[in-house]
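>>> fold the stuff below for me.
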Amino acid sequence: MSNLKWRALLVVVVLIVGVVYLVPTFVSTLPPGWSKFLPKDKIRLGLDLQGGMHLILEVEADQAVSNTAMRLSEDLKDAFRKEKIAFNKIDKTGKWDIEVQLPGTEQQGQIGPLVEKEFPTLKWVSTETQPEGTVKVMLTVHEKEVERVQKAAIAQGLETIRNRIDQFGVSEPDIRPQGEDRILVQLPGIQDPQRAVELIGKTAQLEFKLVAEGVSPQDVKSGKAPAGTKIYPMKHTDRTTRQRTESQIVLNDRTLMSGEYITNAQVEIDRQHSSSYVALDFDSQGAKLFEKITEANVKKQLAIVLDGVVYSAPVIQETIGGGKATITGSFTDQEARDLAIVLRAGALPAPVKILEQRTVGPSLGADSINKGVLASIVGGIGTILFMLIYYRFGGVVADLALALNVLLVLAGMAAFGFTLTLPGIAGIALTIGMAVDANVLIYERIREELRLGKTPRAALETGYDRATLTILDANVTTIIAALVLLQFGTGPVRGFAVTLTVGLAANMFTAIFVTRVIFDYLLVQRRVKTLSI
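Residues are numbered from 1 along each chain as shown. Okay, here's the model as predicted:
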């Protein structure tokens with residue numbers, strides 16, 4: 001008797017926990033204080049149910065390695081100057097190779113120890129003496145460093161995109177890696193897909209460079225920039241007409257400072273010109289560096305470059321301390337807000353390419369929900385009526401277990417944060433059929449024992465004992481298959497596998513444990529003499 005009480009108490013506890021987890025999903029306004037102590041997460045709906053956008057992005061990790069090689073080439077120049085080693089040219093060539101041209105062979109012996117000591121990520125490839133007496137040394141980024149940078153670029157890209165989407169305000173996004181260099185992004189309920197694509201894909205590489213001096217307009221027009229400089233596009237906005245134009249400007253190759261030191265970026269309003277700009281805050285290291293840069297370049301133009309486009313190039317009038325700067329340019333209010341978001345979230349370490357983009361409208365999602373729910377209800381009613389007609393009171397017990405099974409499936413999805421999709425609804429419908437299938441096996445075993453003349457209690461015990469092992473075998477093997485689909489499947493396959501896995505786990509509890517508690521209560525506690533099966 002005490003064993004029955006404990007089993008009944010367990011069923012009641014599971015039922016209460018399931019209801020508690022489902023309250024946030026079905027109750028629009030939670031009671032005061034609920035969120036402090038009780039679950040508040042709702043069942044998440046997939047794109048096919050509430051509409052939204054589906055993206056598959058590819059991180060161009062090779063570009064991150066190329067950027068690393070470019071930075072190393074600039075660091076090499078600084079190291080050579082510091083050690084007073086003469087060189088003709090140091091440039092990145094190919095994907096991530098660095099070519100060093102020396103005026104003669106005497107410098108060759110100097111750079112070997114320097115590269116080995118200060119640049120362990122570089123590998124010496126070859127040395128070639130030119131006919132004119134110069135020496136060309138080829139360096140390349142070490143294979144282990146290439147692999148490390150590529151993996152870091154993908155991981156950082158995933159985190160950066162997640163931060164941007166969180167600040168963009170999309171509720172319950174699904175962002176996860178897919179394969180070696182791809183990222184899956186699902187944004188349910190999004191209203192402006194194009195803006196989201198632009199926000200996600202913007203590299204947001206912020207650089208501060210000096211404007212090259214002594215370059216004539218003819219040089220710019222002809223596209224012939226002096227060595228060590230490069231021509232960049234520059235955006236302008238007319239203060240009166242707000243019309244946008246674009247010109248060209250020549251900047252020094254060397255980047256004095258990048259956006260990695262940014263701690264905050266906020267949109268501010270220029271009241272005088274009625275325009276938006278972005279105010280930047282640097283960390284302590286960035287503040288010192290920016291102050292040092294402005295101090296050394298007073299009366300020179302400092303260009304602010306974002307993704308290869310110059311937005312402004314003000315003249316440094318005095319040393320700027322305090323760790324603050326501004327980006328002014330041709331911004332609408334929304335553009336300024338989006339720019340602030342990507343700068344706060346950080347730059348992507350490498351460009352991302354959109355391989356697949358799909359948009360699902362909310363009306364299609366609502367129609368899918370209605371049809372899916374209708375199909376499940378019709379199938380459920382048919383199953384319930386069959387069990388009632390064929391197994392009489394036993395059908396009532398099976399139907400109660402079936403209702404608890406569906407409740408536990410939904411509660412499990414809410415508790416573990418799973419996403420309900422249209423294939424997931426199909427998985428619930430399949431779970432309903434498999435749930436009563438277990439009861440059918442048990443009831444037929446009990447019927448066989450009753451035909452042999454056994455008492456209801458003996459028939460019940462034998463029926464459950466003989467059918468339980470078969471039910472466990474069938475459900476466990478199906479769960480293994482569902483877990484394989486969950487691990488290796490994508491999109492709709494995962495949605496189906498999730499509900500099937502949770503449903504089968506709930507099915508073993510309700511069909512075997514819960515129904516047995518009900519029958520034991522009737523035969524032991526209520527002392528029923530016959531079984532209506």
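>>> flag the shaky bits of the stretch 201-350 of the chain, pLDDT-wise.
Across the stretch 201-350 of the chain, the ranges flagged by pLDDT under 70 are 237-244, 272-274, 329-331, 345.
>>> repeat that for the chain.
Scanning the chain with the threshold set as pLDDT under 70 gives 1-2, 169-172, 237-244, 272-274, 329-331, 345, 361-366, 368-369, 490-492.
>>> show me where the stretch 251-400 of the chain has helices.
Under the criterion DSSP state H, counting those that start in this stretch, helices of the stretch 251-400 of the chain are mapped to 284-296, 333-345, 362-391, 393-416.
>>> nearest to Arg176, of these?
With C-beta to C-beta as the measure, helix 393-416 is the member of those nearest Arg176 (15.2 Å). Just so you know, the C-beta spots here come from the backbone N, C-alpha and C atoms, and that holds for glycine as well.
>>> which helices and strands does the following helix or strand past that closest one pack with?
Per DSSP states H and E, helix 393-416 leads on to strand 419-420 as the next helix or strand towards the C-terminus. With contacts defined as 3 or more C-beta pairs under 8 Å, 6 or more residues apart in numbering; DSSP states H and E, strand 419-420 has these neighbours: strand 44-45, helix 492-508.
>>> for the last one, packing partners?
For helix 492-508, the contact count by 3+ C-beta pairs under 8 Å, 6+ apart identifies helix 393-416, strand 419-420, helix 422-451, helix 456-488 as packing neighbours.
>>> and the shortest one, by the same measure?
Other helices and strands packing on strand 44-45, by 3+ C-beta pairs under 8 Å, 6+ apart, are strand 419-420.
>>> from the middle of its chain, how far away would the strand it packs on be?
Averaged C-alpha coordinates place strand 419-420 at 16 Å from its chain's average position (C-alpha atoms, centre = their mean, to the nearest Å).
>>> ok, which of the helices and strands packed on helix 492-508 comes nearest Gln194?
strand 419-420 (24.1 Å).
>>> mind listing what the closest one pairs with, with the direction of each?
Strand 419-420 has the following strand partners under DSSP bridges: strand 44-45 (parallel).
>>> and after the strand it pairs with, which helix or strand comes next?
Immediately after strand 44-45, counting by DSSP H and E, sits helix 47-50.
>>> phi, psi of the residue nearest to the spatial centre of the chain?
Of all residues in the chain, the one closest to the mean position by C-alpha atoms, centre = their mean is Ile175, 2.2 Å from it. Main-chain torsions, Ile175, degrees, to the nearest 10: phi -130, psi 120.
>>> OK, contacts around it?
Going by C-beta atoms under 8 Å, 6 or more residues apart in numbering, Ile175 touches 158, 161-162, 165, 183-186.
>>> ok, what's across the strand from it?
Beta-bridge partners for Ile175, by DSSP bridges, are Val185.
>>> of the helices and strands packed on helix 492-508, which is nearest Asp91?
helix 456-488 (45.0 Å).
>>> list the helices and strands the closest one packs on?
Other elements packing on helix 456-488 under the criterion 3+ C-beta pairs under 8 Å, 6+ apart are helix 422-451, helix 492-508, helix 515-520.
>>> save those as a markdown table, and put in mean neighbour count and distance to Gln191 too.
Below are those laid out as a markdown table (neighbours: other C-beta atoms under 10 Å; distance: least, C-beta to C-beta, whole Å):
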| stretch | mean neighbour count | distance to Gln191 |
| --- | --- | --- |
| helix 422-451 | 20 | 21 |
| helix 492-508 | 23 | 23 |
| helix 515-520 | 20 | 47 |
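>>> could I get those as JSON lines with distance to Glu207?
Below are those laid out as JSON lines (distance: least, C-beta to C-beta, whole Å):
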{"stretch": "helix 422-451", "distance to Glu207": "46"}
{"stretch": "helix 492-508", "distance to Glu207": "41"}
{"stretch": "helix 515-520", "distance to Glu207": "69"}
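>>> ok, back up a step: closest to Gly424 out of the helices of the stretch 251-400 of the chain?
With C-beta to C-beta, the closest approach to Gly424 among the helices of the stretch 251-400 of the chain belongs to helix 393-416: 7.9 Å.
>>> and the closest one, how far out from the chain's middle?
In terms of C-alpha atoms, centre = their mean, the centre of helix 393-416 is found 33 Å from the chain centre.
>>> ok, stretch 425-442 next?
Relative to its chain's centre, stretch 425-442 lies at 34 Å (C-alpha atoms, centre = their mean).
>>> identify the residue spatially nearest to Leu289, adjacent ones excluded.
Spatial nearest neighbour of Leu289, excluding adjacent residues (C-beta to C-beta, 6 or more residues apart in numbering): Met257 at 5.6 Å.
>>> so in terms of bridging, what pairs with the one you found?
Judged by DSSP bridges, the bridge partners of Met257 are Phe208.
>>> okay, now the closest residue to Gly259 other than its chain neighbours: neighbour count?
In space, and not counting its chain neighbours, Gly259 is closest to Leu206: 3.1 Å by C-beta to C-beta, 6+ apart. Leu206 has 26 neighbours, counted by other C-beta atoms under 10 Å.
>>> is Leu206 in contact with Ala347, as I believe?
Yes - contact criterion C-beta atoms under 8 Å: Leu206 and Ala347 qualify, at 6.6 Å.
>>> so what sits against both of those two?
Joint contacts of Leu206 and Ala347 (C-beta under 8 Å, 6+ apart) are 258-259.
>>> can you give the domain ranges for this protein?
Domain segmentation of the chain under automatic domain parsing yields 2-48+361-525, 55-190, 202-342.
>>> adding distance to Ser532, write the ones you listed out as TSV.
Listed next are the domains of the chain as TSV, based on distance: least, C-beta to C-beta, whole Å:
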stretch	distance to Ser532
domain 2-48+361-525	4
domain 55-190	46
domain 202-342	65
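>>> where do the helices sit along the stretch 1-150 of the chain?
Counting by DSSP H, counting those that start in this stretch, the segments of the stretch 1-150 of the chain that form helices are 2-26, 34-37, 47-50, 61-82, 108-118, 143-168.
>>> between those, which one is closest to Val436.
With C-beta to C-beta, the closest approach to Val436 among the helices of the stretch 1-150 of the chain belongs to helix 2-26: 18.4 Å.
>>> between that closest one and helix 492-508, how many degrees?
Between helix 2-26 and helix 492-508, the angle comes out at 150 degrees (axes from the mean of the first three to the mean of the last three C-alpha atoms, to 10 degrees).
>>> hmm, who's touching helix 2-26?
Contacts to helix 2-26, defined as C-beta under 8 Å, 6+ apart, come from residues 30, 34, 38-43, 404, 407-408, 410-412, 414-415, 509, 513-514, 516-517, 520-521, 524-525.
>>> hmm, which of those residues are the buried ones?
Neighbour-count burial (16 or more other C-beta atoms under 10 Å) applied to the contacts of helix 2-26 gives 39, 42-43, 404, 407-408, 410-412, 414-415, 509, 513-514, 516-517, 520.
>>> rewinding a little: dump the helices and strands packed on strand 419-420 to a markdown table, plus distance to Ile471.
Formatted as a markdown table, these follow (distance: least, C-beta to C-beta, whole Å):
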| stretch | distance to Ile471 |
| --- | --- |
| strand 44-45 | 31 |
| helix 492-508 | 7 |
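>>> ok, which of those comes nearest Arg148?
Closest of the helices and strands packed on strand 419-420 to Arg148 is helix 492-508, at 30.4 Å (criterion: C-beta to C-beta).
>>> only C-alpha atoms, please: export the closest one in CSV.
Taking C-alpha atoms only, helix 492-508 is exported to CSV below (Å, rounded to 0.1, in the frame of the first residue of the first chain):
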residue,chain,number,x,y,z
PRO,A,492,12.8,20.1,-40.3
VAL,A,493,14.5,16.8,-39.5
ARG,A,494,15.8,18.1,-36.2
GLY,A,495,12.3,19.5,-35.4
PHE,A,496,10.8,16.1,-35.9
ALA,A,497,13.5,14.3,-34.0
VAL,A,498,13.1,16.7,-30.9
THR,A,499,9.4,16.0,-30.4
LEU,A,500,9.7,12.3,-31.2
THR,A,501,12.5,11.9,-28.6
VAL,A,502,10.7,13.8,-25.9
GLY,A,503,7.4,12.1,-26.7
LEU,A,504,8.9,8.6,-26.5
ALA,A,505,10.5,9.3,-23.2
ALA,A,506,7.2,10.6,-21.9
ASN,A,507,5.4,7.6,-23.4
MET,A,508,7.4,5.0,-21.4
